[in-house]
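S.K.: only the shape, not the letters, is given here:
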């Protein structure tokens, strides 16, 4: 038996229950891991509430780091004792130990600690596809990134800065603005006090930006569209304020033949070679020091309900991890 979080019915943080579960040996192509640190991400909230439906009951979590403790049939690329991490699932990270497909695990270099790995895989791979694939950021670009002081945002600010871009980031407080600026964000906009689109126009001499990265959703959609230059790209990759519903394509036409996309990490890493390439880029950025992973909250796995409450209330900055 191992300790794990289980969800029997979707709902608020109270549906996250901590207890014993049985763990069989790893199956063909799998390894068994002992988790040392688990990542906390907003997609975990979407699974918990049912916004992103998954079969019940389940153990949530898509990101963690740990040590290989057993090998299933046919696994040759890993060995017992290897340090590994993952950020693309499958679900089940909120646990002391689990079985996971070996082909979705990334072997960790000595330079990257387990806690760092658990805080960076899902978020860092997300930033990688956003900045290098969804819209390929070039030196001299000015971009707008919402929630710049969050776990994804702090990585994105540093990575975009390293690419030679000017980063405009939205935040909810002066404390978060200072944090974002310390991680490469050139201009911050406090959405609680300022008109985001108006300020973006001021910062770009009226031109707008070629791309907006928006993980907030419903409450920021119009500000995002109004911040774009003609033929700019609206990248909606999250729903922290609620999902965007009944999107009117005429909004894109009225604002200058804009483009819009709703990407996901799964869509950019479904093939093993895509995952490997993205992970190699991420590991290189972190080991080089160009991107530093900020872990500002640590919770015992048993206290995951409080971690979810803090995340939803926007009381967190940078990355949060759970400790089994």
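M.R.: That came through fine. Because the structure is predicted, anything quoted here is derived from the model rather than measured.
S.K.: what about the strands in the stretch 151-300 of the chain?
M.R.: With DSSP state E, counting those that start in this stretch, the ranges of strands along the stretch 151-300 of the chain come out as 166-171, 187-190, 209-214, 228-236, 259-261, 295-300.
S.K.: any chance of the ones you listed in JSON lines, with mean pLDDT and distance to residue 322 too?
M.R.: Backbone N, C-alpha and C define where each C-beta goes, glycine included. Formatted as JSON lines, these follow (pLDDT from 0 to 100; distance: least, C-beta to C-beta, whole Å):
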{"stretch": "strand 166-171", "mean pLDDT": "98", "distance to residue 322": "25"}
{"stretch": "strand 187-190", "mean pLDDT": "98", "distance to residue 322": "29"}
{"stretch": "strand 209-214", "mean pLDDT": "98", "distance to residue 322": "26"}
{"stretch": "strand 228-236", "mean pLDDT": "98", "distance to residue 322": "27"}
{"stretch": "strand 259-261", "mean pLDDT": "97", "distance to residue 322": "31"}
{"stretch": "strand 295-300", "mean pLDDT": "96", "distance to residue 322": "5"}
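S.K.: closest to residue 150 out of those strands?
M.R.: Within these, the stretch nearest residue 150 is strand 166-171; the backing value is 9.1 Å (C-beta to C-beta).
S.K.: next, format the strands of the stretch 151-300 of the chain as TSV and append mean neighbour count.
M.R.: Output for the strands of the stretch 151-300 of the chain, formatted as TSV (neighbours: other C-beta atoms under 10 Å):
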stretch	mean neighbour count
strand 166-171	26
strand 187-190	21
strand 209-214	26
strand 228-236	20
strand 259-261	15
strand 295-300	16
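S.K.: between the ones you listed, which one is closest to residue 4.
M.R.: strand 295-300 (13.4 Å).
S.K.: and residue 69, what element?
M.R.: strand 64-71 (DSSP states H and E).
S.K.: what ranges do the helices span in this protein?
M.R.: Using DSSP state H, the helices found in the chain span residues 42-49, 114-129, 151-162, 174-182, 196-203, 221-226, 250-254, 265-269, 272-287, 304-312.
S.K.: distance between stretch 274-293 and the chain's centre?
M.R.: Here stretch 274-293 is found 14 Å from its chain centre; the criterion is C-alpha atoms, centre = their mean, to the nearest Å.
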